[in-house]
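>>> sharing a model that was predicted from the sequence below.
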Amino acid sequence: MIYRVVRYVDTRTGQAPVLKKLLRYVFPDHWSFLLGEIALYCFVILVGTGIYLTFFFDPSTQQTIYHGAYEPLRGREMSEAYRSVLDISYRYKAGLLIRQTHHWAADIFLVAITLHVLRVFFTGAFRKPRELTYYVGVLMLALAMLEGFAGYSLGDDLLSGMGLAIAYSVLMSLPFLGANLALLIWHGPFPGTTEFFSRLYIAHVLLVPIAIAVLLSIHLVTIVFTHHTQFRGPRAREENVVGTPLWPGYLFRSLGLGLSVAAVLFLLGGLVQINPVWEWGPFEPSQSTNGAQPDWYLGWLIGALRLMPGWEPHIGHYTLIPNAFWGGAFFPTVVFGFLFVWPTLERRITGDHGYHHLLDRPRDAPWRTAVGVGFFTWVGMIFFAGSSDRVFVQTNIDYESQIHVYQALVFVLPFVAAFVAKRVCEQLLRSEAHPLRGPGGGRVRRTPGGGFEAVGEPRGQSSGRTLSE
Amino acid sequence: MREAPRLLPRWRASRWAELAVLWALLLAAAAAAAFIPVYALGADTQWLGLLLGVAFALLALGSIVTGKALVPQEQREEERRSLDHDRDDLDIAVYVQEADKGITRGRLLKSAAGVAGLTVVGALLVPLASCGPFLDVEQLRRMAWRRGRRLVDDAGRPLRADEIAVGAMVPAFAEGVDRKRLDASLIVVRLHEGDLRLPQQREGWAPHGVLAFSKICTHAGCAVSMFRYPLFSPKVPKPALVCPCHYSTFDPARGGKVIFGPAGRPLPQLPVAVDERGELRAAGRMSGPVGPSWWGVQEG
């Protein structure tokens, strides 16, 4: 029967050899290689739950009076958008489950992507020949953030309106063009008109998802072209790829991972409340609430906006660069600029233009690890600074003092962290070179095949160069 | 019958694993089936999520056990093929280069094609200009407040000066103006007259210590909705208006001056007057542009 199907497809496409190759495609085994897969499965859940939500959501700021099931808001004037989100939560069966699952999936999507980027950075997986895969991946990280922001802005509740006010202000703050761009996109001064909501909606449900899907396809295809990277092992060398073939082993495992992701997301969506929009109330530009926090993946931006002192360069009497520019536009440009430039920069610094199919452990490239630890400590500090107001509520440590401390720490701690990271890497490398001198004796590693392997051959290089020339 | 040669390694699945997968699949079906009556009856979100989550978890279990124990376990080793090619295979570049060998004015034609392409694309993009009145930046400077316009409260009633106690914060709007407009909303506070340190040119802007400021933060456009007013000694820090988005902090006694946080310019102040009926009215124009800063904003 299966033979007949294969035969039917092959006689009509001639692709049986390609399919066979695909079926036997090798996936090297390491837990950290699954982070990207988790992100992929989150995306699938996001598309599925998202389509369901479009059946009920109304992207209109047309004002209406609420007569729905949620008692405290009855009789309140609100937009159709907010009304429809309330109806999804209270009126339609399983609506709240799907809405919360969608929101959780977005948050975990970005957790998985972020960890995936860190894994790729610290293992040097971005190196030749995988730069294209890497650039496309970083682009998807940026798009995923934009997509998430657009998504929770659509609810037109008080929190989402405050987020949009900030986005509008950041856009306005761009030198020379900002005001024009903001007027163009919002169809007038903030809060704009209902046309703006149509645009936000189509961006969230069509434009950005399709962009992500296209980039995702490129990401996967370029991976198949170059095959996966792998860690050094008893059999794994620079010239080969060792692992579980897609069929039959890996397919079921990966399917199991995808189903696990679905399980976790639906459990969260059903059992753990997220973004209870009915508590925030409808958005009015003249209203705001204390303790406002965005979804976690924008915490680094709110941190930057809050940390930046009130500095605005002027030309004559005119404001050249409004303050929101620094935290909202300049800072993310620096962060993504670093991510985009790093592969080229590393190639320049090390002069290493060779292929690298074997991954570094973070210690194998102390220099890169130090730069990465320093850089991500910097971003992380700014991220944590964004939660100072919540820390104040919890611990009563004065908000202003916290900000002053962070303003100093963001300049100091990254260098300390980088220095420590470099020393730790060097120590680890050295202890490997002299396995008997270290406290734990020699090092033994479990191989993918289930056996054990002593790792002890000295590695002299401590630059970002690879182990295997 | 002779057995065909095997391509996959021989593998005997353990009984336990087979049983585990069977049970996982059956229980997953049971959980999914239970989802339907729960949906039909009350559709309690927590039960729905629990059942769906458990169903997926069981499917995941079945799938993982299948992958790890039922099907043949193998490690495959594959030599990588080199990615780069010899010069001969790169002659694609030659194909590209040779195509225009017969053209005399190659460069001119290419320039013309570039110009034509860019212009047509540009023309296609022009309709995007309809998206918004992007040239009309003057509308960002519009002011709802004129001398004599009344301040009204949330319910639309005129705001009276004697309704505002010292240390109180009251939101107010421009009478007859769309409240969604950024320039329509105010935050009105009252301080002891002796505590005021307004700039000299703002004398008389705060009768009886009643101060009115734009409610929209000059940093990122959120509503400045918090008023810090210490009620007992030591009365530090002093009274301040605070935006909850990024905690820009403005000193009402000194005309909205920034005393902490990222805002780059003061909160615009509206001079107010008390009319013969005790109601608050605008006594002039705002001290500066309302809303988040942009390049055209002049220091106020």
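Perfect, thanks for sending it.

>>> pull up the residues of the stretch 151-300 of chain B that are close to chain A.
Taking C-beta under 8 Å from any C-beta of the partner chain as the measure of proximity, the stretch 151-300 of chain B contacts chain A at B:171, B:173, B:179-182, B:184-185, B:215-216, B:219-226, B:243-248, B:258, B:260-265, B:291-299. All C-beta spots, glycine's among them, are computed from the backbone N, C-alpha and C.

>>> try it again with 6 Å
B:180, B:182, B:185, B:215, B:219-223, B:225, B:244, B:246, B:258, B:260, B:262-264, B:292-295, B:297-299 (C-beta under 6 Å from any C-beta of the partner chain).

>>> which stretches in the stretch 51-200 of chain A count as helices?
A:80-90, A:95-122, A:131-153, A:158-172, A:178-186, A:194-202 (DSSP state H, counting those that start in this stretch).

>>> quick check: buried residues in the fifth one?
By 16 or more other C-beta atoms under 10 Å in any protein chain shown, the buried positions in helix A:178-186 come out as A:Gly178, A:Ala179, A:Asn180, A:Ala182, A:Leu183, A:Leu184, A:Ile185, A:Trp186.

>>> now do that helix against helix A:158-172, angle only.
Orientation check (axes from the mean of the first three to the mean of the last three C-alpha atoms, to 10 degrees): helix A:178-186 against helix A:158-172 gives 140 degrees.

>>> helix A:178-186 vs chain B: in contact?
Yes: interface with chain B: helix A:178-186 contributes A:Gly178, A:Ala179, A:Asn180, A:Leu183, A:Leu184 (C-beta under 6 Å from any C-beta).

>>> which residues sit against that helix?
A:Tyr168, A:Leu171, A:Met172, A:Gly192, A:Phe196, B:Cys131, B:Gly132, B:Pro133, B:Phe134, B:Val137, B:Trp294 (C-beta atoms under 6 Å, 6 or more residues apart in numbering or on different chains).

>>> show me what from the stretch 101-250 of chain A comes close to chain B.
So the stretch 101-250 of chain A meets chain B at A:129, A:162, A:165-166, A:168-169, A:172, A:175-176, A:178-180, A:183-184, A:187, A:189-191, A:235, A:239-242, A:245, A:248-249 (C-beta under 6 Å from any C-beta).

>>> look up the closest residue to the residue of the stretch 251-400 of chain A found nearest chain B, ignoring the ones flanking it.
Residue nearest to chain B within the stretch 251-400 of chain A (C-beta to the nearest C-beta): A:Gly270, separated by 0.8 Å. Among residues not flanking A:Gly270 along the chain, B:Gly49 sits closest, at 0.8 Å (C-beta to C-beta, 6 or more residues apart in numbering or on different chains).

>>> and the closest residue to chain B within the stretch 1-150 of chain A, how close does it get to B:Val54?
Proximity to chain B, evaluated over the stretch 1-150 of chain A using C-beta to the nearest C-beta, is greatest for A:Lys93 at 3.6 Å. To B:Val54, A:Lys93 is 19 Å away according to C-beta to C-beta, to the nearest Å.

>>> more neighbours: which of the two?
Taking neighbours as other C-beta atoms under 10 Å in any protein chain shown, A:Lys93 and B:Val54 compare with B:Val54 leading, 20 against 15.

>>> the more buried one is in contact with B:Ala31, isn't it?
Yes: with contact defined as C-beta atoms under 6 Å, B:Val54 reaches B:Ala31; the gap is 4.6 Å.

>>> are any of the residues of the stretch 151-300 of chain B next to chain A buried, and which?
Judged by 16+ other C-beta under 10 Å, buried ones among these: B:180, B:182, B:185, B:215, B:219-223, B:225, B:244, B:246, B:258, B:260, B:262-264, B:292-295, B:297.

>>> among these, which lie within strands?
B:Ser185, B:Val258, B:Phe260 (DSSP state E).

>>> I'd guessed A:Thr133 sits against A:Thr222; true?
Yes: applying C-beta under 6 Å as the test, A:Thr133 and A:Thr222 come out as touching, 4.5 Å apart.

>>> point out where chain B drops to low pLDDT.
B:1-3, B:299-300 (pLDDT under 70).

>>> just the strands in it please.
With DSSP E as the criterion, chain B has strands spanning B:76-79, B:151-152, B:169-174, B:185-190, B:210-214, B:226-228, B:240-242, B:249-251, B:257-260, B:269-270, B:272-274, B:280-282.

>>> same for the fifth one, what does it pack against?
To tie it back to what came earlier, the one meant is strand B:210-214. When contacts are defined as 3 or more C-beta pairs under 6 Å, 6 or more residues apart in numbering or on different chains; DSSP states H and E, strand B:210-214 sits against strand B:185-190.

>>> strands paired with the strand it packs on, and their directions?
strand B:169-174 (antiparallel), strand B:210-214 (antiparallel) (DSSP bridges).

>>> for it, buried residues please.
Here strand B:185-190 shows B:Ser185, B:Leu186, B:Ile187, B:Val188, B:Val189, B:Arg190 as buried, counting by 16+ other C-beta under 10 Å.

>>> can I get the residues you listed in JSON lines with distance to A:Val26?
JSON lines is the format used below for the buried residues of strand B:185-190 (distance: C-beta to C-beta, whole Å):
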{"residue": "B:Ser185", "distance to A:Val26": "63"}
{"residue": "B:Leu186", "distance to A:Val26": "67"}
{"residue": "B:Ile187", "distance to A:Val26": "64"}
{"residue": "B:Val188", "distance to A:Val26": "70"}
{"residue": "B:Val189", "distance to A:Val26": "69"}
{"residue": "B:Arg190", "distance to A:Val26": "75"}
